[in-house]
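Undergrad: Structure, please.
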Amino acid sequence: RVIKAHIDGRLKIIGNGENLVDVSYIDNVVDAHLDLFRQMIHDPSKVNGKPYFIGQNEPVKLWDFTNTIMTGIGLSKVEKKVPLSLAYFIGALLEGFFKILGIKKIDPPMTRFVALQLGKSHYFSHQRAFEDFGHLPKISTEEGLKRLIDDYRSGKAHIL
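TA: Take a look at the predicted model:
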C-alpha cells in the first residue's frame, strides 16, 4: 500500500522523518518461530505465555528505509513532508466523515493510527527472544533490503 500510494503521488513523510521503527526480514521471522518451537519442545516452561518482539535488533529510520526501497525498485524518493499534527487532524476528520457517512467497505486514506505509525518512533527490545530461546537475526537489515530489491528486479518478488 505504501508503494502504491507513492506511485499515485499520495505518500508524504509524516513528521520530521527521523522516527525509528522495527523492521523484520521474513527469513529471520521464520527462524524465530522455529527457534521458539524448538524451545517449546525442549522446555516449554521457559516460554509459555510470554509475548516476544521479533525484529532486526536495531530500529531503522522509517523514511530512510522506505526511500532505500523506493529508489532500489526504480522509484523516486519520498520528499514532501506533512507535520504529524496535521496528518493526525486530517485522520480524525476522515474517520469522522467515514463514520457519519456509514462507509465501512474501504478505509479512510488517512487515520489517526496511520499518522502515528508513520510519524512517531515505535520499536521494542528483542532481548527476551534471545534470552529465552536464543534467537538472533541471521540476515542483517542491509542484506534483507538487498535481497528484496534484487528479487523485485528479477521478478521473484512482487511488491505491488
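
Undergrad: And the pLDDT at the residue most central in space within the chain?
TA: Nearest residue to the geometric centre of the chain (CA atoms, centre = their mean): V23, 5.4 Å. At V23, the pLDDT value in this model is 96.

Undergrad: What of L160?
TA: For L160, the predicted pLDDT is 62.

Undergrad: do the same with A157
TA: What the model reports for A157 is a pLDDT of 74.

Undergrad: what helix or strand does it sit in?
TA: Element membership of A157 [criterion: DSSP states H and E] is none; it lies in no helix or strand.

Undergrad: And Q127, how far from E95?
TA: 36 Å (CB to CB, to the nearest Å). From N, CA and C alone the C-beta is placed, and that goes for glycine too.

Undergrad: Give me the more crowded residue out of these two.
TA: Each of Q127 and E95 has its neighbours counted (other CB atoms under 10 Å); E95 has more, 16 against 10.

Undergrad: Compute the number of surrounding residues for G91.
TA: Using other CB under 10 Å, the number of residues around G91 comes to 20.

Undergrad: Next up, the contacts around the nearest residue to Y25 once chain neighbours are set aside.
TA: Among residues not flanking Y25 along the chain, G144 sits closest, at 3.3 Å (CB to CB, 6 or more residues apart in numbering). With contact set as CB atoms under 8 Å, 6 or more residues apart in numbering, G144 has these partners: V23, Y25, D27, N28, Q56.

Undergrad: Show me which of these are buried.
TA: The neighbour-count criterion (16 or more other CB atoms under 10 Å) marks V23, Y25, N28, Q56 among the contacts of G144 as buried.

Undergrad: which outside residues touch the helix or strand the third one falls within?
TA: When you say that, I think you mean N28. With the criterion set as DSSP H and E, the secondary-structure element containing N28 is helix 26-42. Counting by CB under 8 Å, 6+ apart, helix 26-42 makes contact with 46-48, 52, 54, 56, 129, 132-135, 137-139, 144, all of which sit outside it.

Undergrad: how about low-confidence regions in this structure?
TA: For the chain, residues meeting the criterion pLDDT under 70 lie at 159-160.

Undergrad: follow-up on the earlier one: pretty sure the residue nearest to the centre of the chain sits in a helix.
TA: No. Under DSSP: H, G, I helix; E, B strand; the rest coil, V23 sits outside any helix and is assigned coil.
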